[in-house]
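Participant: Build me a structure from this.
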Amino acid sequence: MTQIRASDAAQKDVDGSKQPRRITAGDLQRVVEAMPRELRDDDGGRTFALAADVVRHFVGIEWFAANVRHDAPRPGFLRLDFTSDQTRAATVFRLIDLAECLYNLQHIPGFDECIDQMRAGAEKIESTCAELDFARLLYIHDVTFRFVVPAQKIKGDDYDFEILFRDGLAVAADAKCKFESTAIDVRSIENSLRKARRQLPADRPGIIFVKTPQSWIADIQTANALVQVGSEFLRRTSRVVSVKFYVWHLDRVGDTLRHRHAFRELTNEHSKFHAGRDWDLFDDRPVPAEWNGMPPKWQRIFFFPAKGEWSG
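Facilitator: Alright, predicted model coming up:
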């Protein structure tokens, strides 16, 4: 298959460093048109091949082979797993989801540094994917933001996002991720929140994003306990104005996989920065069927291109 021209191509950033060039819907279209007819006509196969090409373009062929391919040398968050129908579906979907994030967020300031962080080591992959999850939520809800290059181990200056509210207020935000492989431990959330608080500046509002595994909210009591821990934490801090929980939710309905984004936003009314402000960033509005699961501004890799957009 012809790769995006070219997966090893790069553009020079303002500081002279090389970064993967930006790609367009036209690039995606050309990749599809170059596929063998039998692959092009297979919705699932076409989606998988295109997603793999997008990811290779941004992270590099060698990194892809070491961390994503099913025969990668060690297990990891993104490694494809074909040992059962369930694991195959989940890991392939994770790859497609990453490809969509990379494509749609490539123009956000700080994107390249965020991806460099993921390429730096296998232990950074899942946490960086969580940052991309939060970036997607911000993007589809029309929130202005940028990725921040964390100042390594500098207290109060080691966070992940700069968020701009509509009235111009700039807020620092940090993302924490409880790994999918970890056992349920509600109290560990408190440790993550405390660590994030130390990474936020003390002289302006801060927000903490927390991604938890899907299994942690399967039981309503555990889900409620997470919210309780978050609420208790907020009562003991003045610099953090909001804690936002997020779950990447994938389940099967009949023969169809359903992907959902579940979130819960908590506000700290005791914060010295609160002043009655609405700190919520997301809304739980119905998704019209014609959106294909996401708002029109989000380019889907899933089943790209839409029916009727190419002649075959």
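Participant: How are the strands of the stretch 101-250 of the chain distributed by residue range?
Facilitator: Applying DSSP state E, counting those that start in this stretch to the stretch 101-250 of the chain gives strands spanning 144-147, 161-164, 170-177, 206-211, 240-253.
Participant: Highest mean neighbour count across the ones you listed, which stretch is it?
Facilitator: Most buried of the strands of the stretch 101-250 of the chain by mean neighbour count (mean count of other CB atoms under 10 Å) is strand 206-211; its value is a mean of 26. (Glycine included, C-beta is placed from N, CA and C.)
Participant: Can you tell me what sits against that strand?
Facilitator: With contact meaning CB atoms under 8 Å, 6 or more residues apart in numbering, strand 206-211 is reached by 130, 133-134, 159, 163, 171-178, 189, 192-193, 196-197, 200, 230, 239-248, 279.
Participant: try stretch 41-58
Facilitator: Here stretch 41-58 has contacts from 1, 3-4, 7, 20, 23, 28, 31-32, 35, 39-40, 64, 68, 92, 95-96, 98-100, 102-103, 106, 115, 301-304, 312, using CB under 8 Å, 6+ apart.
Participant: Buried ones in it, by neighbour count?
Facilitator: Within stretch 41-58, the residues scored as buried using 16 or more other CB atoms under 10 Å are 46-58.
Participant: Mean pLDDT added to the strands of the stretch 101-250 of the chain, as TSV?
Facilitator: As requested, those are arranged in TSV below (pLDDT from 0 to 100):
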stretch	mean pLDDT
strand 144-147	97
strand 161-164	97
strand 170-177	96
strand 206-211	96
strand 240-253	84
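Participant: quick one: which of those strands is nearest G121?
Facilitator: When these are compared for distance to G121 using CB to CB, the nearest one is strand 170-177, at 14.8 Å.
Participant: coming back round to it: are any of the contacts of stretch 41-58 buried, and which?
Facilitator: Here, 16+ other CB under 10 Å leaves 3-4, 7, 20, 23, 28, 31-32, 35, 40, 64, 68, 92, 95-96, 98-100, 102-103, 106, 115, 301-302, 304 buried among these.
Participant: Checking E265 next. Helix, strand or coil?
Facilitator: strand (DSSP: H, G, I helix; E, B strand; the rest coil).
Participant: OK, contacts around it?
Facilitator: Applying CB under 8 Å, 6+ apart, the residues near E265 are 242-245, 279-282.
Participant: What is the nearest of those to A223?
Facilitator: Within the contacts of E265, proximity to A223 (CB to CB) peaks at F245, which comes in at 8.8 Å.
Participant: Find the nearest non-adjacent residue to that closest one, please.
Facilitator: R264 (4.6 Å; CB to CB, 6 or more residues apart in numbering).
Participant: looking at it, T222 is touching D185, isn't it?
Facilitator: No. The criterion here is CB atoms under 8 Å, and T222 misses it with D185 at 10.1 Å.
Participant: Between the two, tell me which one has more neighbours.
Facilitator: Neighbours were counted for T222 and for D185 using other CB atoms under 10 Å; T222 has more, 14 against 11.
Participant: picking up where we left off before, and the contacts of E265 as TSV, adding distance to P296?
Facilitator: Shown next, in TSV, are these (distance: CB to CB, whole Å):
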residue	distance to P296
S242	28
V243	30
K244	24
F245	27
W279	27
D280	23
L281	20
F282	18
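Participant: how close does the nearest residue to A25 once chain neighbours are set aside get to T144?
Facilitator: Nearest non-adjacent residue to A25, counting by CB to CB, 6+ apart: Q299, 6.3 Å away. To T144, Q299 is 19 Å away according to CB to CB, to the nearest Å.
Participant: One more: T267?
Facilitator: T267 is 20 Å from T144, by CB to CB.
Participant: among the contacts of stretch 41-58, which are in helices?
Facilitator: 28, 31-32, 39-40, 64, 92, 95-96, 98-100, 102-103, 115 (DSSP state H).
Participant: Most widely separated two among those residues?
Facilitator: R40 and I115 (28.4 Å).
Participant: Can you give the distance of stretch 108-126 from its chain's centre?
Facilitator: Centre-to-centre, stretch 108-126 and its host chain are 11 Å apart (CA atoms, centre = their mean, to the nearest Å).
Participant: Now it: buried residues?
Facilitator: 108, 110-112, 114-115, 117-119, 122, 125-126.
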